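Student: Generate coordinates for the sequence data below:
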Amino acid sequence: MNSKLLNDAREIIDNAIKDVLPEGAVKEALNRDDFKKMTATGKIIIASIGKAAWRMAKAASEILGDNISGAVITKYEHSMGEIKGLEIFEAGHPVLDTNTINGTKALLKHVENLTADDTVLFLVSGGGSALFELPAEGVTLTDMMSITNQLLACGADIVEINTIRKHLSGVKGGHFAKLCSPAKVYMVVLSDVLGDRLDSIASGPAWPDNSTSEEALKIVEKYSLDVKPELLKVLERETPKNLDNVTAVITGSVTALCEAVMRLAREKNYTPLLLTTELTCEAREAGALMGSIAKEVIKSGNPIKKPCAIIAGGETVVHLTGKGLGGRNQEFALSAAHNISGLNNVVIASLGSDGTDGPTDAAGGIVDGETEAKLNNAAINIPEILKNNDAYNALKAANALLVTGPTGTNVNDVAFALIGE
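Tutor: Model (predicted):
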């Protein structure tokens, strides 16, 4: 094992996550002149949703002081305590639950009967689609959970998932901004959607919706979703296409995360090469590709000379074919381990910036040229494990899980290979 490469990789991960924590970005947004002018009169209501909701709301409360009220809805175990003036709710993710509905109803109470002088400070981060929800008329919580589970299992991408959610929701796809009217909405966004599409981040509760009912119905057909006939009628309803009470500021994204990894790698004397910030393919294929690129660097010095860092950001997908435990970053790492087996100067890591990968307590995986040998000695075969989607248990057996705990941010995933001399 190359301990220097492994230690460097772990330090890069820790410091890159610190670079994209939301506190600084929120404080910068609230010091903008447009926010100060907007909130010169009237009440300020905080509505904070997503995996980073608590941190974003806490940062806002430290700037705004006691002149606030509102609610925070975040994922289980992502709250860090009370925030004066705000109700705190924890709920299910990636599949919504009854606490999602309860938290959303409580938040909506805070935006009732507002005036044109009032401002809703809408703090949005990844995970908001599952955590902020009130089904549209004619839709039940069971309906929403069933469709979400089907979309996740079939490998639908985040834009497709959110298109369906928006058309079954009473708060997404611009509906929340309508409910806040005539109050102004100042939206501060930590983006977890590739391309930073405001109508897709958290399913666009306060942004005009670019998706159509026709697109939603095509997604149902594409994945052969089991949808009741009455829900098809709901999907035919259009979402708001024009909103005049919203100002939006994007404060962080996977691009910023990749830039942090590049900077930190350079500081450790690895020449960085960014492949993409829009990685969207099958996780195990992306991992195999990263491993192949590392082998090519060692073999020929292409596409970059060592020592170097090869970096990719985005959000891969997993098609479930087995009943094991894992997530997309763990499958990426395990697949990469298969391709770099036997090499002593490569470490590959893949992680979710929020600290959770799939339904596990790990953020992802970190592997080297010895990982596959360790698994073989334990009678664990990587291709078979990947067929069963059981990357978590394989990486655990190799002591190759990345466990960070909830980070308080969520700006997609990053993967990188460190290649030494």
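Student: Report the secondary structure state of Arg263.
Tutor: Classification of Arg263 using DSSP: H, G, I helix; E, B strand; the rest coil returns helix.
Student: what's near enough to touch Gly352?
Tutor: Gly352 is in contact with 327-329, 363-364, 410, 412-413, counting by Cβ atoms under 8 Å, 6 or more residues apart in numbering. For the C-beta atoms, the positions are set from N, CA and C on the backbone; glycine is no exception.
Student: One more pass at 7 Å, please.
Tutor: Taking Cβ atoms under 7 Å, 6 or more residues apart in numbering, we find Gly352 in contact with 329, 363-364, 413.
Student: These: which two are farthest apart?
Tutor: Distances among the contacts of Gly352 were taken as Cβ to Cβ; the most separated pair is Ala363 and Asp413, at 9.1 Å.
Student: low-confidence ranges in the protein?
Tutor: Filtered on pLDDT under 70, the chain yields the residue ranges 1.
Student: So Val347 sits against Leu6, correct?
Tutor: Yes: counting by Cβ atoms under 7 Å, Val347 touches Leu6, with 5.5 Å between them.
Student: shared neighbours of these two, which are they?
Tutor: Common neighbours of Val347 and Leu6 (criterion: Cβ under 7 Å, 6+ apart): Asp368.
Student: Do I have it right that Val246 meets Pro208?
Tutor: No: if you go by Cβ under 7 Å, Val246 and Pro208 don't touch, sitting 8.4 Å apart.
Student: These two: which has the busier surroundings?
Tutor: Val246 (21 against 17; other Cβ atoms under 10 Å).
Student: which residues does the more buried one contact?
Tutor: By Cβ under 7 Å, 6+ apart, the residues touching Val246 are 177, 185, 187, 206-207.
Student: again, only this time at 8 Å
Tutor: By Cβ under 8 Å, 6+ apart, the contact list for Val246 reads 177, 184-185, 187, 206-207.
Student: Show me which pair in these is furthest apart.
Tutor: Lys184 and Trp207 (14.2 Å).
Student: Strands of the stretch 251-400 of the chain, start to end?
Tutor: Using DSSP state E, counting those that start in this stretch, the strands of the stretch 251-400 of the chain run over 271-279, 308-314, 346-352, 364-368.
Student: starting at the chain centroid, how far to the third one?
Tutor: Going back to what we said before, that points to strand 346-352. Chain-centre distance of strand 346-352: 17 Å, with Cα atoms, centre = their mean, to the nearest Å.
Student: does Val72 have beta-bridge partners, and which?
Tutor: Ser48, Ile88 (DSSP bridges).
Student: How much space separates the residue lying farthest from the centre of the chain from Ile293?
Tutor: Distance to the chain centre peaks in the chain at Ser300, reaching 35.6 Å (criterion: Cα atoms, centre = their mean). Distance, Ser300 to Ile293, by Cβ to Cβ, to the nearest Å: 11 Å.
Student: Lys184 and Trp207 - which one has more neighbours?
Tutor: The residue with more neighbours, out of Lys184 and Trp207, is Trp207; 26 against 21, by other Cβ under 10 Å.
Student: The more buried one should be in a helix, yeah?
Tutor: No: counting by three-state DSSP, Trp207 is not part of a helix but coil.
Student: Now for the closest residue to it other than its chain neighbours: which residues touch it?
Tutor: Nearest residue to Trp207, sequence neighbours excluded (Cβ to Cβ, 6 or more residues apart in numbering): Leu198, at 4.3 Å. Leu198 makes contacts with 187, 189, 204, 207, 248, 250, as judged by Cβ under 8 Å, 6+ apart.
Student: next one: Lys178
Tutor: For Lys178, the contact set (Cβ under 8 Å, 6+ apart) comprises 240, 243.
Student: what about it, is that helix, strand or coil?
Tutor: Assigned by three-state DSSP, the conformation of Lys178 is helix.
Student: is it true that Ile12 touches Phe416?
Tutor: Yes: the pair Ile12 / Phe416 is scored as a contact, 7.4 Å apart, by Cβ atoms under 8 Å.
Student: list residues touching both of those two?
Tutor: Counting by Cβ under 8 Å, 6+ apart, the contacts common to Ile12 and Phe416 are 261, 265, 309.
Student: Do I have it right that Thr251 meets Glu23?
Tutor: No: Thr251 is not in contact with Glu23 according to Cβ under 8 Å; the separation is 10.2 Å.
Student: Comparing the two, which shows the higher neighbour count?
Tutor: Using other Cβ under 10 Å as the criterion, Thr251 and Glu23 rank with Thr251 on top: 22 against 16.
Student: Look up how far Val249 lies from the closest residue to that one other than its chain neighbours.
Tutor: Closest residue to Thr251 apart from its sequence neighbours, by Cβ to Cβ, 6+ apart: Ala25 at 3.4 Å. Applying Cβ to Cβ, the value for Ala25 to Val249 is 9 Å.
Student: and for these two, which residues touch both?
Tutor: Counting by Cβ under 8 Å, 6+ apart, the common neighbours of Ala25 and Val249 are Val188.
Student: neighbour-wise, which of those two wins?
Tutor: Taking other Cβ under 10 Å, Ala25 and Val249 do not tie; Ala25 has more neighbours (22 against 16).
Student: got the residue ranges for the helices in the stretch 201-350 of the chain?
Tutor: Applying DSSP state H, counting those that start in this stretch to the stretch 201-350 of the chain gives helices spanning 213-222, 229-235, 254-267, 283-300, 328-339.
Student: Would you reformat these as a markdown table and include distance to Leu108?
Tutor: Shown next, in a markdown table, are the helices of the stretch 201-350 of the chain (distance: least, Cβ to Cβ, whole Å):
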| stretch | distance to Leu108 |
| --- | --- |
| helix 213-222 | 23 |
| helix 229-235 | 20 |
| helix 254-267 | 30 |
| helix 283-300 | 36 |
| helix 328-339 | 33 |
